[in-house]
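[1] need a 3D model of the following:
(one chain, ligands or ions: 3)
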Amino acid sequence: MIIITPRYTIIEDGAINKLEEVLKNLNLKNPLIVTGRNTKKYCKFSYDIVYYDEILNSQIRFEYDSIIGVGGGKAIDTGKYLAYKLGIPFISVPTTASNDGIASPIVSIKQPSFMASAPIAIIADTEIIKKSPKRLLSAGMGDIVSNITAVLDWKLAYKEKGERYSESSAIFSKTIAKELISYVLNSDLLEYHSKLVKALVGSGIAIAIANSSRPASGSEHLFSHALDRLKEEYNLNVNSLHGEQCGVGTIMMSYLHEKENKKLSGLHEKIKMSLKKVNAPTTAKELGFDEDIIVEALTIAHKIRDRWTILRTGLSREEARKLAEETGVI
Ligand SMILES: NC(=O)C1=CN([C@@H]2O[C@H](COP(=O)(O)OP(=O)(O)OC[C@H]3O[C@@H](n4cnc5c(N)ncnc54)[C@H](OP(=O)(O)O)[C@@H]3O)[C@@H](O)[C@H]2O)C=CC1
Ligand SMILES: O=C(CO)COP(=O)(O)O
Ligand SMILES: [Zn+2]
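    Residues are numbered from 1 along each chain as shown. Ligands and ions are numbered 1, 2, ... in the order given. Reported below is the predicted structural model:
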């Protein structure tokens, strides 16, 4: 197996000023920037720029030697996808810390996600990230607490289905989440943005090492992907973020794990407290969904992809409603 991890990971105030030096070190001379309308202001370079939502209509010239994704999850994901398709390196320049796509080798524009290549460099400017909308930084916590249930699900799949499992990747991923939860619950959050971005980068690297999103995506992500599917299917006007949905999913899925393992007692309450502390949503109402949509998402989540989790062969409507009620989500 070939494991590709970033050659440069710069996480500091003013990091974006090192972009040109990094490109020079990598001998990259002609990159294309992929960004969004809110994040274009950070692209003060003399390279060509394209908006991620216009890429399909753009004529991408093949002389680019690399792609730089500057922005939130969609800009990074689209840039990563394009680089993968063109077979050129990808440089990740997150302007916020809303999910672990910053560093992961995964493209998750559509489900099921697929393995592309990890960024060759990550340049995370903590000054820019700190100024990004608070809501995005709260969502990032949801994508990190997810690692707890993702790892529990992964181990379950190993025990019940003999799935390939890596204890080292699992411990790495779980520890990242535990450390951030502990920091959030026991601090004044002054360093939250910087700890969060480091955690998300670590989580993306755990995915690269495992060569699977297993360490960071389990039943809580299936629930989030199910919500995305229902948003599309019913044309719902809900603008909940990936990390926000995953956070709420983690509360419910950790409760299911607790019921099967006494040693986990209190886990979902702790996760809920950590999400509340950073003002991330913990209920259907805060996410913007009707109760029935939450219940429906719980009943279809196991069918989203072929991934064995605590949902096993699926929840009935009654079981789903009970789970959402008992965890205070509805
Ligand atoms: N590959 C992977 O492993 C993963 C990928 N993802 C991807 O991430 C996506 C979700 O990403 P997410 O970040 O939650 O949502 P978006 O990418 O939709 O970003 C949300 C909004 O935040 C704005 N924004 C970002 N940074 C700033 C900033 N510094 N200042 C002001 N506005 C800012 C964006 O602006 P703008 O309009 O300019 O983009 C956008 O309007 C998913 O759809 C999926 O494609 C998610 C998880 C894992
Ligand atoms: O969001 C992810 C990890 O945080 C990617 O996981 P998926 O494989 O579920 O898309
Ligand atoms: Zn995620």
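[2] what about the residue of the stretch 101-250 of the chain found nearest ligand 1, distance to Leu227?
    Going by C-beta to the nearest ligand atom, ligand 1 is nearest to Gly101 of the stretch 101-250 of the chain, at 2.8 Å. (Each C-beta comes from the backbone N, C-alpha and C, glycine too.) Distance check for Gly101 against Leu227: by C-beta to C-beta, to the nearest Å, it reads 18 Å.
[3] which residues are in contact with stretch 228-238?
    Gln111, His242, Gln245, Leu287, Gly288, Phe289, Ile293, Glu296, Ala297, Ile300, Ile304 (C-beta atoms under 8 Å, 6 or more residues apart in numbering).
[4] need the distance between the two termini of that stretch.
    By C-alpha to C-alpha, to the nearest Å, the extent of stretch 228-238 from end to end equals 10 Å.
[5] please see if that stretch touches ligand 2.
    No. Contact between stretch 228-238 and ligand 2, assessed by C-beta under 6 Å from any ligand atom, is absent, since the two come no nearer than 10.1 Å.
[6] which parts of that stretch are buried?
    Neighbour-count burial for stretch 228-238 flags Asp228, Arg229, Leu230, Lys231 (criterion: 16 or more other C-beta atoms under 10 Å).
[7] as a whole number, average confidence for it?
    This predicted structure assigns stretch 228-238 an average pLDDT of 98.
[8] does that stretch come close to ligand 1?
    No. Using C-beta under 6 Å from any ligand atom, stretch 228-238 stays clear of ligand 1, coming no nearer than 7.8 Å.
[9] tell me how far that stretch lies from the chain's centre.
    Remark: stretch 228-238 is offset 20 Å from the chain centroid, using C-alpha atoms, centre = their mean, to the nearest Å.
[10] is that stretch anywhere near ligand 3?
    No. In terms of C-beta under 5 Å from the ion, no part of stretch 228-238 sits within range of ligand 3; the closest distance is 11.3 Å.
[11] check stretch 68-80 too.
    No. Stretch 68-80 is not in contact with ligand 3 by C-beta under 5 Å from the ion; minimum separation 8.6 Å.
[12] using PDB, list the CA coordinates for that stretch.
    As requested, C-alpha coordinates have been extracted for stretch 68-80 and formatted as PDB (Å, rounded to 0.1, in the frame of the first residue of the first chain):
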ATOM      1  CA  ILE A  68      -4.600  25.400  -5.100                       C
ATOM      2  CA  GLY A  69      -7.900  25.200  -3.300                       C
ATOM      3  CA  VAL A  70      -8.600  28.300  -1.200                       C
ATOM      4  CA  GLY A  71     -11.800  28.300   0.900                       C
ATOM      5  CA  GLY A  72     -14.200  26.200   2.800                       C
ATOM      6  CA  GLY A  73     -15.000  22.500   2.200                       C
ATOM      7  CA  LYS A  74     -16.600  22.800  -1.200                       C
ATOM      8  CA  ALA A  75     -13.700  24.900  -2.700                       C
ATOM      9  CA  ILE A  76     -11.200  22.500  -1.300                       C
ATOM     10  CA  ASP A  77     -13.100  19.400  -2.400                       C
ATOM     11  CA  THR A  78     -13.600  20.700  -5.900                       C
ATOM     12  CA  GLY A  79     -10.000  21.700  -6.200                       C
ATOM     13  CA  LYS A  80      -8.800  18.300  -4.900                       C
END
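[13] contacts for it?
    Stretch 68-80 is touched from outside by 19, 31-36, 38-40, 42-43, 47, 52-53, 55, 67, 90-96, 98-99, 101-102, 107-109, 116-117, 119, 136, 242, with contacts defined as C-beta under 8 Å, 6+ apart.
[14] what's the answer for stretch 252-270, then?
    Here stretch 252-270 has contacts from 148-149, 152-153, 181, 185, 218-220, 223, 251, 271, 298, 309-311, 323-324, 326-327, 329, using C-beta under 8 Å, 6+ apart.
[15] so for it, what gets flagged as buried?
    If you call a residue buried by 16+ other C-beta under 10 Å, then stretch 252-270 has these buried ones: Met252, Met253, Ser254, Tyr255, Leu256, His257, Glu258, Leu264, Leu267, His268, Lys270.
[16] next, the buried residues of stretch 108-120.
    Residues of stretch 108-120 classed as buried by neighbour count (16+ other C-beta under 10 Å): Ser108, Ser113, Ala116, Ser117, Ala118, Pro119, Ile120.
[17] what does it contact?
    Contacts to stretch 108-120, defined as C-beta under 8 Å, 6+ apart, come from residues 4-8, 26, 66, 69, 74, 77-78, 80-81, 83-84, 89-92, 101-107, 204-205, 208, 211-213, 217, 225, 228-229, 304-305.
[18] in ChimeraX, select just the buried ones from those residues.
    For anyone working in ChimeraX, the buried entries among the contacts of stretch 108-120, judged by 16+ other C-beta under 10 Å, can be selected with:
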select :6,8,26,66,69,74,77,78,80,81,83,84,89,90,91,92,101,102,103,104,105,106,107,204,205,208,211,212,213,217,225,228,229,304
